[in-house]
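Engineer: Sequence and predicted structure below; questions after.
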Amino acid sequence: SGMGLGVVERLIQLGWNVTILDFNPKNGKEVEQRFAPQLQYVKGNVVNYEDQANCFVQSWERWGRLDLGWTPLRLSQGIGERSNFYAPAEENPDGSPKKPDTLVMDVCLQGIVWTAYLALHYFRKNESKAGKLVFNSSLSGLYPTPAMPLYSASKSGVVALARSLGMRLKELGEPITVNAICPGCVPTPLVPQALVDALPGEHLTPMPTIVKAVEGFIDDESLRGQVAECSAHDVIFRQILPYGNEASKFVTEGWYTMPMDYSAIMQWREVKIAELEELLRS
């Protein structure tokens, strides 16, 4: 539903074959029946790697190629955080606070990590070795959202992932683009109607703005590691913050271009991993 369905409708209109993943079989099957034979539905939960992998396998078996990965994994403002991070915590018998609910991070960040990892694998199986990934972040990935700190942290991570992957794949010369959109409040079934009603109409983001941004990333192969803020009727490309100084720039993006003994680094890494695993077993 929502942004996922809005983009699917446009892709079908353009002649694409589409596979969708959702844990709601009623909605999924209805969409499949509506767009058959151009669309297949796969039931699964995005937080489970195995479910996502199964979706990619079925898509590859059905269509024989993968050109686009679009990840509208987004818990809305209404249910983005299932607990109040600031509220006094209930205690366990030993006096420690009970574990917080972090499902929003599993869905909005970890789920996208799984999608990105799987998509890169299948893009490279294409004869062209090419593909496009478009992540769905949020305005909360660009601006602090004090009322939803975990949601904001997750969406900020999506922005960083898109920029990092997009830049690195370009440096490696791979024909794979990775970008992200950051929508404002889009009226969808996941957004409480009370919130929609409370916001001035000119501050809501209509579905065509989302579709335009995603389609722009599909059509323009020069866009890599870019982030598009989708607010009201505007699609605004947001640039990376300027580096504070040359040291910041070098440490962030220049160190791996230096001549160094990578085999020694990898050996050191393996030793440290073994030490950590031993600590975990003890």
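Structural biologist: Perfect, I can see it now.

Engineer: Now do the contacts for Arg10.
Structural biologist: Val211, Val214, Glu215 (Cβ atoms under 8 Å, 6 or more residues apart in numbering). (C-beta placed from N, C-alpha, C; glycine too.)

Engineer: For it, pull up the helix or strand it's in.
Structural biologist: Assessed by DSSP states H and E, Arg10 sits inside helix 2-13.

Engineer: List the buried residues for that helix?
Structural biologist: Gly2, Met3, Gly4, Leu5, Gly6, Val7, Val8, Glu9, Arg10, Leu11, Ile12 (16 or more other Cβ atoms under 10 Å).

Engineer: quick check, nearest of those to Asn54?
Structural biologist: Asn54 has its nearest neighbour among those in Gly4, at 18.1 Å by Cβ to Cβ.

Engineer: Excluding chain neighbours, what is closest to that closest one?
Structural biologist: Pro72 (3.9 Å; Cβ to Cβ, 6 or more residues apart in numbering).

Engineer: That neighbour and Met105, how far apart?
Structural biologist: Counting by Cβ to Cβ, to the nearest Å, the separation of Pro72 from Met105 is 17 Å.

Engineer: How about Glu127?
Structural biologist: Distance from Glu127 to Met105, by Cβ to Cβ: 37 Å.

Engineer: Around Lys249, count how many other residues there are.
Structural biologist: By other Cβ atoms under 10 Å, 12 other residues sit near Lys249.

Engineer: which residue packs closest to it, ignoring adjacent ones?
Structural biologist: Tyr243 (4.1 Å).

Engineer: Tabulate the buried residues of helix 2-13 (JSON lines), appending distance to Tyr143 and pLDDT.
Structural biologist: JSON lines is the format used below for the buried residues of helix 2-13 (distance: Cβ to Cβ, whole Å; pLDDT from 0 to 100):
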{"residue": "Gly2", "distance to Tyr143": "21", "pLDDT": "87"}
{"residue": "Met3", "distance to Tyr143": "19", "pLDDT": "90"}
{"residue": "Gly4", "distance to Tyr143": "23", "pLDDT": "90"}
{"residue": "Leu5", "distance to Tyr143": "26", "pLDDT": "92"}
{"residue": "Gly6", "distance to Tyr143": "23", "pLDDT": "92"}
{"residue": "Val7", "distance to Tyr143": "24", "pLDDT": "94"}
{"residue": "Val8", "distance to Tyr143": "28", "pLDDT": "95"}
{"residue": "Glu9", "distance to Tyr143": "29", "pLDDT": "95"}
{"residue": "Arg10", "distance to Tyr143": "27", "pLDDT": "96"}
{"residue": "Leu11", "distance to Tyr143": "29", "pLDDT": "96"}
{"residue": "Ile12", "distance to Tyr143": "33", "pLDDT": "96"}
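
Engineer: Quick one: the strands in the stretch 151-282 of the chain, in order.
Structural biologist: 176-183, 227-231, 234-238 (DSSP state E, counting those that start in this stretch).
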